[in-house]
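Asker: would you be able to build a 3D model of this:
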Amino acid sequence: MYGGRRKNGTFSKGHSGNPSGVRNDKHPDHWGSAIKHLDGWVSSQTGIGHPAYDKRLSHRMRAPTLSYAEAIEIWRADDIAKRAIEAPIDECFRQGYEITISDEGKFDDLKEAVEDKIEELRLNHCIKRAKCMDRALGGAALLIGANDQRALDQPLIPAEVTSIDWLTVLEPIELQPCDYYNDPTAAKYGEVEYYQLTAFTTYGGTANSGVTQERLPPPTELRIHESRLIVFGGIKVSRYQVHNNVAGSLWGDSKLTSLIEVLRDFNVSWHAAGLLAVDFGQPVISIDNLMLLVAKNPADFQARMRALEQGRSTARAILIDAKKEKFERQSTNLNGIPELLNGLSMRLAAAVDMPLTLLMGMSPKGLGNEGESDVRFYYDRIRGKQVTEIEPLLRFFVKMIMATIRKRKLPKKWCISFHELWQMTDAEKAQARLTQMRTDSMAIKSGVLYPQEVRDSRFGGGYSFETQIDESKKAPGFLATPPNGTPGSPHNPGVGAVHAVGGYARKNPTSKGQPATPEGGDKPPTTRKDDELVMFAGFPVVMECPAGSVRFEARVMKYAYGYIDGALGADGEEVDVYLGPDESAQWVYVVHQTKQPDFELYDEDKVMLGFSSANAARDAYIEQYDERFFGGMSMMPIETFRRKIFP
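Answerer: All right, here's what the predicted structure looks like:
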């Protein structure tokens, strides 16, 4: 017999196969060897990783259950919950938005009419209300009062809508699904097609009981087609999530579902801190043989306590027996309370997804000590909410409103832009405008923008950094670098700036009405008797070749050509000029013409007057002459050119 075991495998009296008395499935050697092959870290010595010994494994996540009435009460009564629900939506609308119609010239009154209709429908208020319900109650809906001569249970046809008469915000508890799209090949398969409207009301009570009836129920069962509703479905992580939502299985979770536990910890801790503050200084009276006095004569003890209270009321002091009684005030130890409240506040701010300074309405020096970057980052997230959630709603309604106002032609280019949430200081505004001014100047000089476009964009309706481009016009055009040898170019240092078009400040003595002898020379008069002197854009122009005439080499003049009377160019010759079709053009374009044989060296300037853009001036020159001679072009305001010609 070995170890008390018989040969047949049994044990003799007094012996056992389990001398420790521990069940085999509980013995460390047993479970340690049993689970040593499982994935993950498991320790047979400490119990970490074992379901029976690791306390962490006894916890699991469970979504809190929140009733509809509880969600309403929390939204009403808890200031932090109210801010968590309403603040992000309020921030989306805080600075407002702008409706911009690019082709405003044809729709001068449309923008104002749309804004008036938005105000009449209280569109912004309705969207804010529905979005707050969506966050607090797990859903909401906007019922569109679109007049298309069809019943509410019929699909809405936007093309037949003649007007939008009203908007109604519906709570999620008022709507229930009654039919679904059941075609698996359709885009909306599985979504609700018809809703049942059952207005939720509270009956009974008296005038002073606070019980009111806010909305009458529909007279009959009312079905509403989904196209007549803008539905906000709450927070849904899956269509198969457990249906214990606040407003029923159709709707999603409330934002309060993820906040309720954190809110409870936060509020309980702050309330406890408030109680500690009330009892911070607790008076203590020591009485000899107190328990014996209470046991022998409770009435005498109570009389003594009343006497102490009466003495404090009469003499405004505590009157005690110097030998038998002692009075002192003991303070409550509050060490660690501020740190605890600070940690709970930061945890709450993380759950609400809002900087602590904004959540608590405190300055950046308060709890959490966030900086400017945290608030800017929060505003960036609000900007994302504006773009992805609010702007599509506004575009839907604005487009429908415009269609009801303008029955036929609608603007092709229009947009909705939200104003900036972050407001700059005066110094920041000044620096930003200076930077924008330099950018605008570069864009104008490079031919990207017209000066009038910049003027209208910046100061058309309050200062704006956004630039609105007139799409009906071509860009002024990029200006090429002047050719080698151009007066004022980098190849001729000291002459002047590239765009100065220097050398026009001398009077031409050979022009009509001028002295016959030129200063410093004896150049003969060049004006022929048969040349006509005309005024164009305020300049005296000697017309050598009218439009349609034939010049040398049998070249037909597409544009009138001549020279400005009374001025000499940098080369000592008259200032040659082409006259375009737009005498009111406010810019002058100077083509720096090259010469043969390689068309790389500068020859002379040709002034293009009366052209609406740099592109038009360049195209006119090439059409009349030859692209090989085009060596770049400079531009300047017409008044600047006038001062150079006639200083």
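Asker: please make it C-alpha for all contacts and neighbour counts, starting now.
Answerer: Fine.
Asker: what's the average pLDDT for stretch 399-415?
Answerer: Averaged over stretch 399-415, pLDDT sits at 84.
Asker: so what touches that stretch?
Answerer: Here stretch 399-415 makes contact (Cα atoms under 8 Å, 6 or more residues apart in numbering) with 99-103, 107, 110, 113-114, 117, 158-159, 161-164.
Asker: least confident of these?
Answerer: Among those, D103 has the lowest pLDDT, at 63.
Asker: returning to that earlier point: Q431: which of the contacts of stretch 399-415 is nearest?
Answerer: Using Cα to Cα, T100 is the member of the contacts of stretch 399-415 that lies nearest Q431, at 26.2 Å.
Asker: secondary structure element for E339?
Answerer: Using DSSP states H and E, E339 maps to helix 337-352.
Asker: hang on, I meant A146
Answerer: Here A146 sits within strand 140-147, counting by DSSP H and E.
Asker: buried ones among the contacts of stretch 399-415?
Answerer: Among the contacts of stretch 399-415, those buried by neighbour count (16 or more other Cα atoms under 10 Å) are I99, I101, S102, D103, L110, V114, K117, V161, T162, S163, I164.
Asker: for the third one, give its distance to K412.
Answerer: This points to S102. 8 Å (Cα to Cα, to the nearest Å).
Asker: quick check: nearest residue in space to V541, chain neighbours excluded?
Answerer: Distances taken as Cα to Cα, 6 or more residues apart in numbering place I564 nearest to V541, at 4.5 Å, with adjacent residues excluded.
Asker: quick one: contacts for that neighbour?
Answerer: By Cα under 8 Å, 6+ apart, the contact set of I564 is F539, P540, V541, V542, E574, V575, D576, V577.
Asker: coming back round to it: what lies in contact with the helix holding E339?
Answerer: Under the contact criterion Cα under 8 Å, 6+ apart, helix 337-352 has outside partners 84, 258-259, 262-263, 265-266, 269-270, 273, 355-356, 359, 367-368.
Asker: mind saving the C-alpha coords of stretch 137-147 as CSV?
Answerer: The C-alpha coordinates for stretch 137-147 follow below in CSV (Å, rounded to 0.1, in the frame of the first residue of the first chain):
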residue,chain,number,x,y,z
LEU,A,137,-34.7,62.9,-25.3
GLY,A,138,-33.1,60.7,-27.9
GLY,A,139,-34.9,62.1,-30.9
ALA,A,140,-37.3,64.7,-32.4
ALA,A,141,-38.9,65.7,-35.7
LEU,A,142,-39.8,68.8,-37.7
LEU,A,143,-43.2,68.6,-39.4
ILE,A,144,-43.1,70.7,-42.6
GLY,A,145,-46.2,72.6,-43.4
ALA,A,146,-45.6,72.6,-47.1
ASN,A,147,-48.6,73.5,-49.3
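Asker: give me the buried stretch members for stretch 372-392, please.
Answerer: Within stretch 372-392, the residues that count as buried by 16+ other Cα under 10 Å are D374, V375, Y378, Y379, I382, R383, K385, Q386, V387, I390, E391.
Asker: and if you look at stretch 419-435?
Answerer: Neighbour-count burial for stretch 419-435 flags H419, L421, R433 (criterion: 16+ other Cα under 10 Å).
Asker: just the ones of the residues you listed in helices?
Answerer: Among the buried residues of stretch 419-435, the ones falling in helices (DSSP state H) are R433.
Asker: how close does L137 sit to S67?
Answerer: 9 Å.
Asker: the more surrounded of these two?
Answerer: A count of neighbours by other Cα atoms under 10 Å puts L137 above the other of L137 and S67, at 34 against 15.
Asker: what's near enough to touch the more buried one?
Answerer: L137 is in contact with Y68, A71, I72, P172, G234, V246, A247, D253, S254, K255, counting by Cα under 8 Å, 6+ apart.
Asker: per-residue pLDDT, it?
Answerer: Here the pLDDT value assigned to L137 is 93.
Asker: can you check the one 10 residues further on too?
Answerer: pLDDT for N147: 91.
Asker: so that it lines up with my notes, have the first residue be 91 from now on.
Answerer: Understood, numbering begins at 91; the last thing we discussed is N237.
Asker: which strand residues bridge it?
Answerer: For N237, the beta-bridge assignment (DSSP bridges) gives partners S253.
Asker: does it touch I254 like I think?
Answerer: Yes: N237 is in contact with I254 according to Cα atoms under 8 Å; the separation is 6.0 Å.
Asker: tell me the SS of R225?
Answerer: Three-state assignment for R225 (DSSP: H, G, I helix; E, B strand; the rest coil): helix.
Asker: and for I506?
Answerer: Here I506 is strand, with the state taken from three-state DSSP.
Asker: if we ignore the residues flanking it in sequence, what's nearest it?
Answerer: In space, I506 is closest to I189, 4.7 Å off (Cα to Cα, 6+ apart).
Asker: likewise S157?
Answerer: The spatially closest residue to S157, leaving aside those adjacent along the chain, is V336, at 5.2 Å (Cα to Cα, 6+ apart).
Asker: what number of residues are in the vicinity of that neighbour?
Answerer: When neighbours are defined as other Cα under 10 Å, V336 has 26 of them.
Asker: what do you get for Q683?
Answerer: As a burial measure, Q683 scores 25 neighbours (other Cα under 10 Å).
Asker: any idea which of the buried residues of stretch 509-525 is closest to L242?
Answerer: H509 (36.3 Å).
Asker: I'd say that closest one and Q185 touch.
Answerer: Yes: the pair H509 / Q185 is scored as a contact, 5.6 Å apart, by Cα under 8 Å.
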